[in-house]
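1. Return atomic coordinates for the entry below.
(4 chains)
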Protein chains: 2
Amino acid sequence: MAYAISVLSGRWKLSILGFLLDNGKLRYGELKRKLIGISEKMLINQLKELEKDGLINRIAHPEVPPRVEYGLSDKGKTLEDILLLMSNWGTKNADNRIKT
Amino acid sequence: MAYAISVLSGRWKLSILGFLLDNGKLRYGELKRKLIGISEKMLINQLKELEKDGLINRIAHPEVPPRVEYGLSDKGKTLEDILLLMSNWGTKNADNRIKT
DNA sequence: TCAGGTACTAACAAAAAAGTTAGAAATGCG
DNA sequence: CGCATTTCTAACTTTTTTGTTAGTACCTGA
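-> Numbers count the residues shown, from 1 in each chain, chains lettered A, B, ... in the order given. I've put the predicted structure just below:
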C-alpha cells in the first residue's frame, strides 16, 4: 500500500491518469483544459513525477510549435481497474457534499 | 474521481483504512503502533477526518484508562475492493524503488 | 498519596506543496 | 521583421501540511 500511496498521491495525479485512461493520448494543452483549476507549474510537475514513476509516457514531436503527447504506459494501464473503481465509488458517494 | 481524491488524500488515510480492513476494530494505541512513524497529532487528525467523512466509526468505551476503538463504517467498507487492489498493485510494482 | 496507563489537545516551528508571474525557444506566416 | 503558437522553466510568495513538545483528565492499584 505504501508504494501505491507514494506514487499516486498528488493533487492531480489520479485525475490525470483518469483522463488518459478515458481519452488515450492527450496533448499538454488538452490536459490543461480538462484539469480545471490546475496551474501550469503543477501540470508539468505532476506529469514529470508520473513519468518518472513510469506510469505515463511522454512523446515529443519535433515540430514548431511544439507538440507533446502524454499517454498511459503499460505500467500505468495496470491501474485501470483501480481508477475505474475509484471513479465509480466517487460518483456513488459524492452526493451531499460541499466542495472544500 | 474528485470526491474520492478529496476523501482519501492524506498521508496516512489509506494505510489506516487498510489496517482497519485487515483487522476489524483497532484501538488508538494499536493503530499508533502499526502506523510506524506517525505522530499522535497526525493520527488523531486523520482519524477525525475519516470519521467526519463517514468512513470510520469511533467507539469510545467509558472506562479508565480510556479505550477507544475505530472500525470501518458501512461506507468505509464499500472501499474494500479499491483498498485490496491498491495493496496488491503496490506489492507487484514496488520492486526496484528507492523510498523517498 | 501518588505514579501509571490511555487517548487525546494546544501552541508553536519547520517543511512541503501549491500559486503567481514573467519569460524562453523555435519557426511559420503575414 | 515581428507576432503568434505551444510547451515548458525559474524565481519568488503564500498556503497547507506535518513535526515537536508539553500537558490534561480520569480512575486504579500499590
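2. contacts and neighbour counts: CA atoms only from here.
-> Noted.
3. looking at this, A:Glu63 is in a strand?
-> No - checked against DSSP: H, G, I helix; E, B strand; the rest coil, A:Glu63 lies outside a strand; its state is coil.
4. Need the per-residue pLDDT for the residue sitting nearest the centre point of chain A.
-> Centroid-nearest residue in chain A: A:Ile16, 1.6 Å away (criterion: Cα atoms, centre = their mean). Model confidence at A:Ile16, expressed as pLDDT, equals 96.
5. how much space is there between it and chain B?
-> Separation of A:Ile16 from chain B (Cα to the nearest Cα, to the nearest Å) stands at 10 Å.
6. Now that residue: which helix or strand?
-> Under the criterion of DSSP states H and E, A:Ile16 resides in helix A:13-23.
7. what about the closest residue to DNA strand C within chain A, distance to A:Gly37?
-> Here the residue of chain A nearest DNA strand C is A:Arg11; by Cα to the nearest atom of the strand that distance is 4.2 Å. As judged by Cα to Cα, to the nearest Å, A:Arg11 and A:Gly37 stand 11 Å apart.
8. So those two - more neighbours on which side?
-> Between A:Arg11 and A:Gly37, counted using other Cα atoms under 10 Å in any protein chain shown, the more crowded position is A:Arg11 (15 against 8).
9. Quick check: that one vs chain B, distance?
-> For A:Arg11 relative to chain B (Cα to the nearest Cα), the value is 8 Å.
10. Now do the contacts for that residue.
-> A:Arg11 makes contact with B:Ile5, according to Cα atoms under 8 Å, 6 or more residues apart in numbering or on different chains.
11. again, but for the one 5 residues further on
-> Taking Cα under 8 Å, 6+ apart as the definition of contact, the neighbours of A:Ile16 are A:31, A:35.
12. how does it look with 10 Å?
-> A:22, A:26, A:31-32, A:34-35, A:43, A:46-47, A:50, A:56, A:70-72 (Cα atoms under 10 Å, 6 or more residues apart in numbering or on different chains).
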